[in-house]
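Engineer: Sequence first, predicted model second:
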Amino acid sequence: MAASASAPPTTRSLKRIVAASLIGTTIEWYDFFLYGSAAALVFNKLFFPESEPLVGTLLSFLTYAVGFAARPLGALVFGHYGDRLGRKKLLVLSLLMMGGATFAIGLLPTHATVGAAAPVLLTVLRLVQGFALGGEWGGAVLLVSEHGDAKRRGFWASWPQTGAPAGQLLATGVLSALTALMSDSAFGAWGWRIPFLLSGVLVVIGLWIRLSVDESPVFKAALAQAEERKAVAAAAEKMPLVAVLRHHWRDVLIAMGARMAENISYYVITAFILVYATTAADLSKQTALNAVLIASAVHFAVIPMWGALSDRVGRKPVYLVGAIGVALWMFPFFALIDSRSFGNLLLAVTVGLIFHGAMYAPQAAFFSEMFATRMRYSGASIGAQFSSVAAGAPAPLIATALLADFHSSTPISLYVIAAALITVLAVACAKETRNRDLADIDGAAAEPDASTALPADARTV
(Lines give C-alpha, C1' and ligand atoms only; values in the text may rest on other atoms or scores of the structure.)
Protein backbone atom coordinates (compact mmCIF):
# COMPACT_ATOMS: atom_id res chain seq x y z
CA MET A 1 0.00 0.00 0.00
CA ALA A 2 1.32 3.42 -0.87
CA ALA A 3 2.27 5.85 1.80
CA SER A 4 0.61 9.17 2.13
CA ALA A 5 1.74 11.51 -0.59
CA SER A 6 3.05 14.18 1.71
CA ALA A 7 2.38 16.00 4.96
CA PRO A 8 -0.80 18.09 4.86
CA PRO A 9 -0.12 21.67 3.79
CA THR A 10 -0.35 24.47 6.29
CA THR A 11 -3.55 26.47 6.39
CA ARG A 12 -1.66 29.45 4.95
CA SER A 13 -0.32 27.54 1.95
CA LEU A 14 -3.70 25.90 1.38
CA LYS A 15 -5.37 29.32 1.35
CA ARG A 16 -2.90 30.45 -1.32
CA ILE A 17 -3.71 27.39 -3.43
CA VAL A 18 -7.44 27.98 -2.95
CA ALA A 19 -7.00 31.64 -3.93
CA ALA A 20 -5.14 30.69 -7.11
CA SER A 21 -7.85 28.21 -8.12
CA LEU A 22 -10.67 30.58 -7.16
CA ILE A 23 -9.31 33.59 -9.03
CA GLY A 24 -8.66 31.52 -12.13
CA THR A 25 -12.11 29.92 -12.13
CA THR A 26 -13.74 33.30 -11.44
CA ILE A 27 -12.09 34.79 -14.51
CA GLU A 28 -12.99 31.82 -16.69
CA TRP A 29 -16.61 31.81 -15.52
CA TYR A 30 -16.78 35.59 -15.92
CA ASP A 31 -15.82 35.11 -19.56
CA PHE A 32 -18.29 32.26 -20.05
CA PHE A 33 -21.25 33.88 -18.29
CA LEU A 34 -20.62 37.23 -19.90
CA TYR A 35 -21.39 35.59 -23.21
CA GLY A 36 -24.63 34.13 -21.83
CA SER A 37 -25.85 37.48 -20.55
CA ALA A 38 -24.89 39.21 -23.78
CA ALA A 39 -26.66 36.47 -25.75
CA ALA A 40 -29.87 37.20 -23.84
CA LEU A 41 -29.59 40.99 -24.06
CA VAL A 42 -27.88 42.19 -27.26
CA PHE A 43 -26.41 39.43 -29.46
CA ASN A 44 -29.79 38.69 -31.03
CA LYS A 45 -29.86 42.25 -32.44
CA LEU A 46 -26.15 42.54 -33.29
CA PHE A 47 -25.57 39.17 -34.95
CA PHE A 48 -29.09 38.02 -35.96
CA PRO A 49 -30.88 41.30 -36.77
CA GLU A 50 -33.18 39.92 -39.45
CA SER A 51 -35.03 37.54 -37.12
CA GLU A 52 -38.10 38.00 -34.95
CA PRO A 53 -37.18 38.92 -31.33
CA LEU A 54 -37.66 35.47 -29.76
CA VAL A 55 -36.25 33.72 -32.86
CA GLY A 56 -33.20 35.96 -32.71
CA THR A 57 -32.82 35.10 -29.03
CA LEU A 58 -33.07 31.40 -29.88
CA LEU A 59 -30.32 31.76 -32.50
CA SER A 60 -28.24 33.73 -30.02
CA PHE A 61 -28.64 31.01 -27.40
CA LEU A 62 -27.73 28.44 -30.08
CA THR A 63 -24.27 29.99 -30.40
CA TYR A 64 -24.25 30.01 -26.58
CA ALA A 65 -24.93 26.26 -26.57
CA VAL A 66 -22.09 25.63 -29.02
CA GLY A 67 -19.67 26.48 -26.22
CA PHE A 68 -21.05 23.58 -24.21
CA ALA A 69 -20.57 21.22 -27.16
CA ALA A 70 -16.84 21.96 -27.07
CA ARG A 71 -16.53 21.34 -23.34
CA PRO A 72 -16.39 17.51 -23.56
CA LEU A 73 -13.56 17.77 -26.10
CA GLY A 74 -11.75 20.12 -23.74
CA ALA A 75 -12.35 17.66 -20.90
CA LEU A 76 -10.83 14.82 -22.95
CA VAL A 77 -7.75 16.74 -24.08
CA PHE A 78 -7.04 18.60 -20.85
CA GLY A 79 -7.88 15.54 -18.76
CA HIS A 80 -5.48 13.35 -20.73
CA TYR A 81 -2.54 15.74 -20.50
CA GLY A 82 -3.46 16.87 -16.99
CA ASP A 83 -3.17 13.27 -15.80
CA ARG A 84 0.18 12.87 -17.57
CA LEU A 85 1.85 16.27 -17.17
CA GLY A 86 0.19 17.76 -14.10
CA ARG A 87 -2.66 20.07 -13.17
CA LYS A 88 -0.83 23.40 -13.07
CA LYS A 89 0.45 23.50 -16.69
CA LEU A 90 -2.98 22.78 -18.11
CA LEU A 91 -4.67 25.34 -15.87
CA VAL A 92 -2.37 28.06 -17.19
CA LEU A 93 -3.18 27.06 -20.77
CA SER A 94 -6.95 27.03 -20.17
CA LEU A 95 -6.82 30.52 -18.69
CA LEU A 96 -4.90 31.90 -21.68
CA MET A 97 -7.29 30.29 -24.18
CA MET A 98 -10.44 31.49 -22.45
CA GLY A 99 -9.18 35.03 -21.91
CA GLY A 100 -7.90 35.34 -25.46
CA ALA A 101 -11.20 34.20 -26.97
CA THR A 102 -13.23 36.55 -24.77
CA PHE A 103 -11.02 39.53 -25.58
CA ALA A 104 -11.39 38.73 -29.30
CA ILE A 105 -15.21 38.72 -28.98
CA GLY A 106 -14.93 42.31 -27.78
CA LEU A 107 -13.24 43.19 -31.08
CA LEU A 108 -15.65 41.33 -33.38
CA PRO A 109 -17.42 43.13 -36.22
CA THR A 110 -21.20 42.75 -36.12
CA HIS A 111 -23.68 41.62 -38.77
CA ALA A 112 -24.11 45.23 -39.93
CA THR A 113 -20.41 45.36 -40.84
CA VAL A 114 -19.50 41.93 -42.26
CA GLY A 115 -22.85 40.21 -42.69
CA ALA A 116 -23.07 36.43 -42.21
CA ALA A 117 -19.37 36.21 -41.30
CA ALA A 118 -20.13 37.87 -37.94
CA PRO A 119 -22.13 35.00 -36.36
CA VAL A 120 -19.63 32.50 -37.82
CA LEU A 121 -16.70 34.25 -36.12
CA LEU A 122 -18.73 34.52 -32.92
CA THR A 123 -19.40 30.78 -33.00
CA VAL A 124 -15.72 29.92 -33.51
CA LEU A 125 -14.68 32.00 -30.52
CA ARG A 126 -17.47 30.46 -28.46
CA LEU A 127 -16.04 27.03 -29.34
CA VAL A 128 -12.64 28.10 -28.01
CA GLN A 129 -14.30 29.32 -24.80
CA GLY A 130 -16.07 26.01 -24.31
CA PHE A 131 -12.94 23.98 -25.05
CA ALA A 132 -10.97 25.95 -22.44
CA LEU A 133 -13.68 25.74 -19.79
CA GLY A 134 -13.99 22.00 -20.35
CA GLY A 135 -10.43 21.63 -19.13
CA GLU A 136 -10.51 24.33 -16.44
CA TRP A 137 -12.99 22.90 -13.97
CA GLY A 138 -11.35 19.53 -13.38
CA GLY A 139 -7.87 20.95 -12.89
CA ALA A 140 -8.97 23.76 -10.58
CA VAL A 141 -10.96 21.59 -8.17
CA LEU A 142 -8.35 18.82 -8.21
CA LEU A 143 -5.51 21.20 -7.39
CA VAL A 144 -7.34 22.04 -4.15
CA SER A 145 -8.73 18.56 -3.45
CA GLU A 146 -5.31 16.98 -3.78
CA HIS A 147 -3.63 19.52 -1.47
CA GLY A 148 -6.14 19.29 1.36
CA ASP A 149 -6.92 16.54 3.87
CA ALA A 150 -9.93 14.27 3.77
CA LYS A 151 -11.68 15.69 6.83
CA ARG A 152 -12.18 19.19 5.37
CA ARG A 153 -11.94 18.44 1.65
CA GLY A 154 -15.58 19.30 1.06
CA PHE A 155 -15.07 22.78 2.49
CA TRP A 156 -11.78 23.62 0.78
CA ALA A 157 -12.74 22.09 -2.57
CA SER A 158 -15.98 24.06 -2.58
CA TRP A 159 -14.07 27.34 -2.86
CA PRO A 160 -13.12 26.90 -6.54
CA GLN A 161 -16.83 26.20 -7.04
CA THR A 162 -17.56 29.72 -5.82
CA GLY A 163 -15.76 30.89 -8.96
CA ALA A 164 -19.03 30.28 -10.83
CA PRO A 165 -21.18 32.70 -8.80
CA ALA A 166 -18.21 35.07 -8.47
CA GLY A 167 -17.85 35.08 -12.26
CA GLN A 168 -21.59 35.51 -12.62
CA LEU A 169 -21.48 38.32 -10.06
CA LEU A 170 -18.64 40.05 -11.86
CA ALA A 171 -20.17 39.64 -15.34
CA THR A 172 -23.64 40.70 -14.24
CA GLY A 173 -22.23 43.56 -12.17
CA VAL A 174 -20.28 44.99 -15.10
CA LEU A 175 -23.26 44.65 -17.44
CA SER A 176 -25.63 46.11 -14.86
CA ALA A 177 -23.36 49.11 -14.32
CA LEU A 178 -23.01 49.71 -18.05
CA THR A 179 -26.75 49.45 -18.75
CA ALA A 180 -27.41 51.85 -15.86
CA LEU A 181 -24.85 54.41 -17.04
CA MET A 182 -25.43 54.18 -20.79
CA SER A 183 -28.40 54.54 -23.08
CA ASP A 184 -29.69 51.43 -24.84
CA SER A 185 -28.43 52.75 -28.16
CA ALA A 186 -24.91 53.41 -26.85
CA PHE A 187 -24.73 50.03 -25.12
CA GLY A 188 -25.88 48.27 -28.30
CA ALA A 189 -23.47 50.26 -30.48
CA TRP A 190 -20.24 49.86 -28.51
CA GLY A 191 -20.81 49.58 -24.75
CA TRP A 192 -21.31 45.80 -24.85
CA ARG A 193 -17.66 45.43 -25.95
CA ILE A 194 -16.21 46.88 -22.71
CA PRO A 195 -16.76 43.86 -20.42
CA PHE A 196 -15.27 41.52 -23.03
CA LEU A 197 -12.17 43.67 -23.42
CA LEU A 198 -11.77 43.83 -19.64
CA SER A 199 -11.06 40.12 -19.74
CA GLY A 200 -7.55 40.86 -20.98
CA VAL A 201 -6.69 42.66 -17.74
CA LEU A 202 -8.24 39.95 -15.59
CA VAL A 203 -6.28 37.21 -17.36
CA VAL A 204 -2.96 38.91 -16.62
CA ILE A 205 -3.86 39.06 -12.91
CA GLY A 206 -5.05 35.44 -12.85
CA LEU A 207 -1.99 34.20 -14.69
CA TRP A 208 0.36 35.90 -12.24
CA ILE A 209 -1.38 34.28 -9.26
CA ARG A 210 -1.80 30.84 -10.84
CA LEU A 211 1.88 30.59 -11.76
CA SER A 212 2.83 31.13 -8.10
CA VAL A 213 1.44 27.82 -6.76
CA ASP A 214 3.01 24.36 -6.70
CA GLU A 215 1.84 21.24 -8.45
CA SER A 216 -0.43 18.89 -6.49
CA PRO A 217 1.61 16.74 -4.03
CA VAL A 218 -0.73 13.81 -4.61
CA PHE A 219 -0.02 14.00 -8.34
CA LYS A 220 3.74 14.18 -7.71
CA ALA A 221 3.53 11.10 -5.50
CA ALA A 222 1.44 9.20 -8.04
CA LEU A 223 3.90 10.13 -10.79
CA ALA A 224 6.83 8.88 -8.70
CA GLN A 225 4.91 5.71 -7.92
CA ALA A 226 4.31 5.13 -11.62
CA GLU A 227 8.02 5.56 -12.32
CA GLU A 228 8.79 2.88 -9.74
CA ARG A 229 6.37 0.48 -11.38
CA LYS A 230 7.00 1.25 -15.05
CA ALA A 231 6.65 -2.33 -16.17
CA VAL A 232 3.13 -2.59 -14.73
CA ALA A 233 1.77 0.93 -14.82
CA ALA A 234 3.19 2.60 -17.93
CA ALA A 235 1.00 0.84 -20.47
CA ALA A 236 -2.16 1.40 -18.46
CA GLU A 237 -1.46 5.10 -17.96
CA LYS A 238 -0.60 6.05 -21.53
CA MET A 239 -4.29 6.73 -22.08
CA PRO A 240 -6.04 7.76 -18.84
CA LEU A 241 -9.29 8.05 -20.80
CA VAL A 242 -9.25 4.34 -21.65
CA ALA A 243 -8.63 3.42 -18.01
CA VAL A 244 -11.47 5.67 -16.87
CA LEU A 245 -14.01 4.25 -19.32
CA ARG A 246 -12.90 0.70 -18.64
CA HIS A 247 -12.77 0.75 -14.86
CA HIS A 248 -14.84 3.78 -13.82
CA TRP A 249 -17.71 3.83 -16.30
CA ARG A 250 -20.23 3.57 -13.45
CA ASP A 251 -18.71 6.57 -11.65
CA VAL A 252 -18.71 8.57 -14.89
CA LEU A 253 -22.42 7.85 -15.42
CA ILE A 254 -23.20 8.80 -11.82
CA ALA A 255 -21.33 12.09 -12.21
CA MET A 256 -23.18 12.82 -15.45
CA GLY A 257 -26.54 12.12 -13.87
CA ALA A 258 -25.67 14.15 -10.78
CA ARG A 259 -24.99 17.19 -12.93
CA MET A 260 -28.32 17.20 -14.77
CA ALA A 261 -30.39 19.13 -12.22
CA GLU A 262 -27.42 21.23 -11.10
CA ASN A 263 -26.52 22.33 -14.63
CA ILE A 264 -30.02 22.82 -16.04
CA SER A 265 -31.41 24.67 -13.03
CA TYR A 266 -28.46 27.05 -12.93
CA TYR A 267 -28.82 28.23 -16.51
CA VAL A 268 -32.59 28.51 -16.24
CA ILE A 269 -32.23 30.59 -13.07
CA THR A 270 -29.40 32.86 -14.24
CA ALA A 271 -29.53 33.00 -18.06
CA PHE A 272 -33.09 32.22 -19.15
CA ILE A 273 -34.49 34.47 -16.46
CA LEU A 274 -33.18 37.48 -18.40
CA VAL A 275 -35.45 36.42 -21.27
CA TYR A 276 -38.46 35.45 -19.15
CA ALA A 277 -38.39 38.51 -16.90
CA THR A 278 -38.09 40.96 -19.80
CA THR A 279 -40.63 39.32 -22.13
CA ALA A 280 -43.22 37.29 -20.20
CA ALA A 281 -43.10 39.35 -16.98
CA ASP A 282 -42.49 42.70 -18.72
CA LEU A 283 -39.71 43.73 -16.32
CA SER A 284 -36.73 45.83 -17.38
CA LYS A 285 -33.41 44.14 -18.10
CA GLN A 286 -31.85 46.32 -15.40
CA THR A 287 -34.29 44.89 -12.83
CA ALA A 288 -33.51 41.31 -13.91
CA LEU A 289 -29.76 41.93 -13.86
CA ASN A 290 -29.94 43.45 -10.38
CA ALA A 291 -31.81 40.42 -9.05
CA VAL A 292 -29.24 38.01 -10.49
CA LEU A 293 -26.45 40.22 -9.17
CA ILE A 294 -27.67 40.18 -5.55
CA ALA A 295 -28.63 36.50 -5.64
CA SER A 296 -25.19 35.59 -7.00
CA ALA A 297 -23.60 37.24 -3.96
CA VAL A 298 -25.73 35.05 -1.68
CA HIS A 299 -24.85 32.04 -3.83
CA PHE A 300 -21.15 32.79 -3.37
CA ALA A 301 -21.58 32.92 0.41
CA VAL A 302 -23.57 29.70 0.85
CA ILE A 303 -21.41 27.39 -1.29
CA PRO A 304 -18.59 27.02 1.32
CA MET A 305 -21.28 26.49 3.98
CA TRP A 306 -22.79 23.61 2.01
CA GLY A 307 -19.26 22.28 1.40
CA ALA A 308 -18.48 22.32 5.11
CA LEU A 309 -21.79 20.58 5.86
CA SER A 310 -20.88 17.82 3.40
CA ASP A 311 -17.77 17.15 5.50
CA ARG A 312 -20.01 16.56 8.52
CA VAL A 313 -23.01 14.66 7.12
CA GLY A 314 -21.71 13.38 3.76
CA ARG A 315 -21.71 14.42 0.11
CA LYS A 316 -24.91 12.55 -0.80
CA PRO A 317 -27.35 14.05 1.75
CA VAL A 318 -26.33 17.61 0.90
CA TYR A 319 -26.52 16.94 -2.84
CA LEU A 320 -29.99 15.40 -2.49
CA VAL A 321 -31.27 18.40 -0.53
CA GLY A 322 -30.27 20.60 -3.46
CA ALA A 323 -31.83 18.41 -6.15
CA ILE A 324 -35.13 17.93 -4.32
CA GLY A 325 -35.21 21.59 -3.29
CA VAL A 326 -34.78 22.82 -6.88
CA ALA A 327 -37.59 20.52 -8.05
CA LEU A 328 -39.98 21.79 -5.37
CA TRP A 329 -39.05 25.43 -6.00
CA MET A 330 -39.67 25.63 -9.75
CA PHE A 331 -43.39 26.42 -9.71
CA PRO A 332 -43.06 29.05 -6.94
CA PHE A 333 -40.02 30.41 -8.80
CA PHE A 334 -42.01 31.42 -11.88
CA ALA A 335 -45.08 32.45 -9.87
CA LEU A 336 -42.95 34.95 -7.95
CA ILE A 337 -41.49 36.38 -11.18
CA ASP A 338 -44.98 36.70 -12.66
CA SER A 339 -45.94 38.99 -9.79
CA ARG A 340 -43.66 41.64 -11.41
CA SER A 341 -42.30 42.65 -8.02
CA PHE A 342 -38.56 43.14 -7.64
CA GLY A 343 -38.67 41.72 -4.11
CA ASN A 344 -40.39 38.56 -5.30
CA LEU A 345 -38.07 38.28 -8.29
CA LEU A 346 -35.07 38.53 -5.96
CA LEU A 347 -36.55 35.91 -3.62
CA ALA A 348 -37.18 33.55 -6.53
CA VAL A 349 -33.60 33.73 -7.83
CA THR A 350 -31.94 33.69 -4.40
CA VAL A 351 -33.74 30.61 -3.08
CA GLY A 352 -33.17 28.83 -6.40
CA LEU A 353 -29.43 29.51 -6.20
CA ILE A 354 -29.26 28.43 -2.54
CA PHE A 355 -30.67 25.03 -3.51
CA HIS A 356 -28.31 24.94 -6.50
CA GLY A 357 -25.40 25.59 -4.15
CA ALA A 358 -26.27 22.46 -2.18
CA MET A 359 -25.53 20.44 -5.32
CA TYR A 360 -22.62 22.49 -6.59
CA ALA A 361 -20.66 22.78 -3.31
CA PRO A 362 -19.98 19.08 -2.60
CA GLN A 363 -19.57 18.27 -6.28
CA ALA A 364 -15.83 19.02 -6.43
CA ALA A 365 -14.90 16.74 -3.52
CA PHE A 366 -17.54 14.14 -4.48
CA PHE A 367 -16.23 13.70 -8.03
CA SER A 368 -12.56 13.92 -6.99
CA GLU A 369 -13.01 11.10 -4.49
CA MET A 370 -14.30 8.72 -7.16
CA PHE A 371 -11.05 8.35 -9.13
CA ALA A 372 -7.36 7.48 -8.69
CA THR A 373 -4.87 10.33 -9.17
CA ARG A 374 -3.45 9.29 -12.56
CA MET A 375 -6.95 9.21 -14.05
CA ARG A 376 -8.71 11.71 -11.78
CA TYR A 377 -8.44 14.73 -14.11
CA SER A 378 -9.89 12.66 -16.97
CA GLY A 379 -12.58 10.98 -14.89
CA ALA A 380 -13.85 14.08 -13.09
CA SER A 381 -13.72 16.21 -16.25
CA ILE A 382 -15.49 13.65 -18.45
CA GLY A 383 -18.24 13.09 -15.90
CA ALA A 384 -18.75 16.81 -15.39
CA GLN A 385 -18.42 18.10 -18.96
CA PHE A 386 -20.10 15.41 -21.06
CA SER A 387 -23.31 15.98 -19.13
CA SER A 388 -23.17 19.68 -19.97
CA VAL A 389 -23.97 18.89 -23.61
CA ALA A 390 -27.34 17.45 -22.61
CA ALA A 391 -27.89 19.71 -19.60
CA GLY A 392 -26.55 23.27 -19.50
CA ALA A 393 -25.99 23.66 -23.23
CA PRO A 394 -29.60 23.42 -24.38
CA ALA A 395 -31.24 24.60 -21.14
CA PRO A 396 -31.79 28.28 -22.11
CA LEU A 397 -32.56 27.17 -25.67
CA ILE A 398 -35.17 24.62 -24.57
CA ALA A 399 -36.68 26.99 -22.02
CA THR A 400 -36.97 29.78 -24.61
CA ALA A 401 -38.52 27.38 -27.15
CA LEU A 402 -41.04 26.12 -24.58
CA LEU A 403 -41.99 29.68 -23.72
CA ALA A 404 -42.40 30.58 -27.41
CA ASP A 405 -44.57 27.49 -28.08
CA PHE A 406 -46.73 27.35 -24.94
CA HIS A 407 -46.60 30.94 -23.65
CA SER A 408 -46.47 29.44 -20.17
CA SER A 409 -43.82 28.63 -17.57
CA THR A 410 -45.39 25.28 -16.64
CA PRO A 411 -43.51 23.21 -19.27
CA ILE A 412 -40.26 24.86 -18.17
CA SER A 413 -40.90 23.90 -14.55
CA LEU A 414 -41.62 20.32 -15.57
CA TYR A 415 -38.40 20.27 -17.60
CA VAL A 416 -36.32 21.20 -14.54
CA ILE A 417 -38.23 18.75 -12.33
CA ALA A 418 -37.49 15.91 -14.78
CA ALA A 419 -33.79 16.77 -14.60
CA ALA A 420 -33.99 16.75 -10.79
CA LEU A 421 -35.45 13.24 -10.82
CA ILE A 422 -32.49 12.01 -12.90
CA THR A 423 -30.08 13.60 -10.43
CA VAL A 424 -31.82 12.11 -7.39
CA LEU A 425 -31.61 8.66 -8.98
CA ALA A 426 -27.92 9.06 -9.88
CA VAL A 427 -26.88 10.31 -6.44
CA ALA A 428 -28.93 7.60 -4.73
CA CYS A 429 -26.95 5.00 -6.71
CA ALA A 430 -23.59 6.51 -5.72
CA LYS A 431 -21.49 5.40 -2.75
CA GLU A 432 -20.69 7.92 -0.04
CA THR A 433 -17.12 9.20 -0.49
CA ARG A 434 -16.70 11.47 2.55
CA ASN A 435 -13.36 10.93 4.37
CA ARG A 436 -11.95 8.80 1.56
CA ASP A 437 -8.14 9.15 1.48
CA LEU A 438 -6.89 9.93 -2.03
CA ALA A 439 -3.50 8.32 -1.33
CA ASP A 440 -5.24 5.12 -0.23
CA ILE A 441 -7.08 4.99 -3.56
CA ASP A 442 -3.74 5.27 -5.37
CA GLY A 443 -2.19 2.63 -3.13
CA ALA A 444 -5.04 0.27 -3.90
CA ALA A 445 -4.52 0.85 -7.60
CA ALA A 446 -0.83 0.03 -7.30
CA GLU A 447 -1.27 -3.34 -5.59
CA PRO A 448 -1.29 -6.30 -8.03
CA ASP A 449 -4.13 -8.02 -6.18
CA ALA A 450 -6.01 -4.85 -5.23
CA SER A 451 -9.08 -5.83 -7.21
CA THR A 452 -9.72 -8.75 -4.92
CA ALA A 453 -8.47 -7.21 -1.71
CA LEU A 454 -10.66 -4.09 -1.64
CA PRO A 455 -14.37 -3.36 -1.68
CA ALA A 456 -15.87 -2.43 -5.03
CA ASP A 457 -16.13 1.29 -4.30
CA ALA A 458 -12.35 1.56 -3.66
CA ARG A 459 -11.16 -0.32 -6.74
CA THR A 460 -9.49 1.70 -9.46
CA VAL A 461 -8.02 -0.99 -11.71
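Structural biologist: Yep, it's here.
Engineer: Same question for stretch 315-330: list its buried residues.
Structural biologist: Within stretch 315-330, the residues scored as buried using 16 or more other CB atoms under 10 Å are 315-327, 329-330. Heads up, the C-betas are built off the backbone N, CA and C, glycines and all.
Engineer: correction: stretch 189-208
Structural biologist: Buried residues in stretch 189-208, counted by 16+ other CB under 10 Å: 191, 192, 195, 196, 198, 199, 202, 203, 206, 207.
Engineer: mind checking pLDDT for the last one?
Structural biologist: Predicted confidence (pLDDT) at residue 207: the value is 85.
Engineer: What of the first one?
Structural biologist: The predicted structure scores residue 191 at 90 on the pLDDT scale.
Engineer: just to revisit the earlier point, would you check which pair of the buried residues of stretch 315-330 lies furthest apart?
Structural biologist: Among the buried residues of stretch 315-330, the pair separated by the greatest distance (CB to CB) is 315 and 330, at 23.7 Å.
Engineer: ok, back up a step: just checking, which of the buried residues of stretch 315-330 belong to helices?
Structural biologist: When DSSP state H is applied, those are split such that 315-327, 329-330 fall in helices.
Engineer: Tell me which residues are up against stretch 183-203.
Structural biologist: Residues from elsewhere that reach stretch 183-203 (CB atoms under 8 Å, 6 or more residues apart in numbering): 27, 30-31, 34, 38, 41-42, 45-46, 95-96, 98-100, 102-103, 105-107, 171, 174-175, 178-179, 182.
Engineer: How far does that stretch sit from its chain's centre?
Structural biologist: Centroid separation between stretch 183-203 and its chain, computed with CA atoms, centre = their mean, to the nearest Å, is 23 Å.
Engineer: same check, this time on stretch 153-171
Structural biologist: Averaging C-alpha positions (CA atoms, centre = their mean) puts stretch 153-171 9 Å from its chain's average.
Engineer: how close does residue 340 sit to residue 404?
Structural biologist: Applying CB to CB, to the nearest Å, the value for residue 340 to residue 404 is 20 Å.
Engineer: Name the residue in the two with the higher neighbour count.
Structural biologist: residue 404 (16 against 13; other CB atoms under 10 Å).
Engineer: that older thread, are any of the contacts of stretch 183-203 buried, and which?
Structural biologist: 27, 30-31, 34, 38, 41-42, 45-46, 95, 98-100, 102-103, 105-106, 171, 174-175, 178-179, 182.
Engineer: Which of the residues you listed fall within strands?
Structural biologist: Assigned to strands by DSSP state E, none of the buried ones among the contacts of stretch 183-203 qualify.
Engineer: Below-threshold pLDDT in the stretch 101-250 of the chain: ranges please.
Structural biologist: 148, 216, 225-240 (pLDDT under 70).
Engineer: Show me where it has its strands.
Structural biologist: Taking DSSP state E, counting those that start in this stretch to define them, one finds no strands in the stretch 101-250 of the chain.
Engineer: Okay, helices next: where are they in it?
Structural biologist: Counting by DSSP state H, counting those that start in this stretch, the stretch 101-250 of the chain has helices at residues 111-114, 117-145, 153-161, 163-181, 184-186, 193-197, 199-210, 217-228, 230-237, 240-247, 249-267.
Engineer: Would you format the ones you listed as CSV with distance to residue 17 included?
Structural biologist: What follows is those, written out as CSV (distance: least, CB to CB, whole Å):
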stretch, distance to residue 17
helix 111-114, 44
helix 117-145, 6
helix 153-161, 9
helix 163-181, 14
helix 184-186, 42
helix 193-197, 28
helix 199-210, 10
helix 217-228, 10
helix 230-237, 25
helix 240-247, 23
helix 249-267, 23
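Engineer: Out of the ones you listed, which is the most enclosed?
Structural biologist: Ranked by mean neighbour count, the helices of the stretch 101-250 of the chain are led by helix 153-161 with a mean of 28 (mean count of other CB atoms under 10 Å).
Engineer: Determine the angle, from 0 to 180 degrees, between it and helix 163-181.
Structural biologist: Helix 153-161 runs at 30 degrees relative to helix 163-181, counting by axes from the mean of the first three to the mean of the last three CA atoms, to 10 degrees.
Engineer: quick thing: my sequence starts at 16, can you match it?
Structural biologist: Okay, using 16 as the starting number, the last item reads as helix 168-176.
Engineer: Could you check the angle helix 168-176 makes with helix 132-160?
Structural biologist: Helix 168-176 runs at 160 degrees relative to helix 132-160, counting by the same axes, to 10 degrees.
Engineer: buried ones in the longest helix seen in the chain?
Structural biologist: Longest helix in the chain by number of residues (criterion: DSSP H): helix 68-100. Using 16+ other CB under 10 Å as the test for burial, helix 68-100 gives 71-87, 89-99.
Engineer: tell me the contacts of the closest residue to residue 266 other than its chain neighbours?
Structural biologist: In this structure, residue 266 finds its nearest non-sequential neighbour in residue 385, 4.3 Å apart by CB to CB, 6 or more residues apart in numbering. Residues in contact with residue 385 (CB under 8 Å, 6+ apart) are 263, 266, 269, 270, 394, 395, 398, 448.
Engineer: hmm, back to that, so which of the buried residues of stretch 204-223 is the closest to residue 136?
Structural biologist: Distance to residue 136 across the buried residues of stretch 204-223 (CB to CB) is lowest for residue 211, with 13.3 Å.
Engineer: Leaving out the residues flanking it, which one is nearest to the closest one?
Structural biologist: In space, residue 211 is closest to residue 121, 3.1 Å off (CB to CB, 6+ apart).
Engineer: Start and end of stretch 293-300, how far apart?
Structural biologist: 6 Å (CA to CA, to the nearest Å).
Engineer: any residues touching that stretch, and which ones?
Structural biologist: Against stretch 293-300 from outside (CB under 8 Å, 6+ apart): 56, 68-69, 194, 289, 292, 303, 352-353, 355, 357, 360, 418, 422, 424.
Engineer: Name the nearest of these relative to residue 326.
Structural biologist: residue 360 (33.6 Å).
Engineer: which residues touch that closest one?
Structural biologist: For residue 360, the contact set (CB under 8 Å, 6+ apart) comprises 292, 296, 298, 302, 303, 306, 351, 352, 354.
Engineer: let's go with 7 Å and repeat that
Structural biologist: Counting by CB atoms under 7 Å, 6 or more residues apart in numbering, residue 360 touches 292, 298, 302, 306, 351, 352.
Engineer: And residue 73, by the same measure?
Structural biologist: Going by CB under 7 Å, 6+ apart, residue 73 touches 412, 415, 416.
Engineer: who wins for most neighbours among these?
Structural biologist: residue 415 leads these on contacts (other CB under 10 Å) with 24 neighbours.
Engineer: Does that one touch residue 72 like I think?
Structural biologist: Yes - if you go by CB atoms under 7 Å, residue 415 and residue 72 touch, sitting 5.9 Å apart.
Engineer: Find residues that contact each of those two.
Structural biologist: Counting by CB under 7 Å, 6+ apart, the shared contacts of residue 415 and residue 72 are residue 290.
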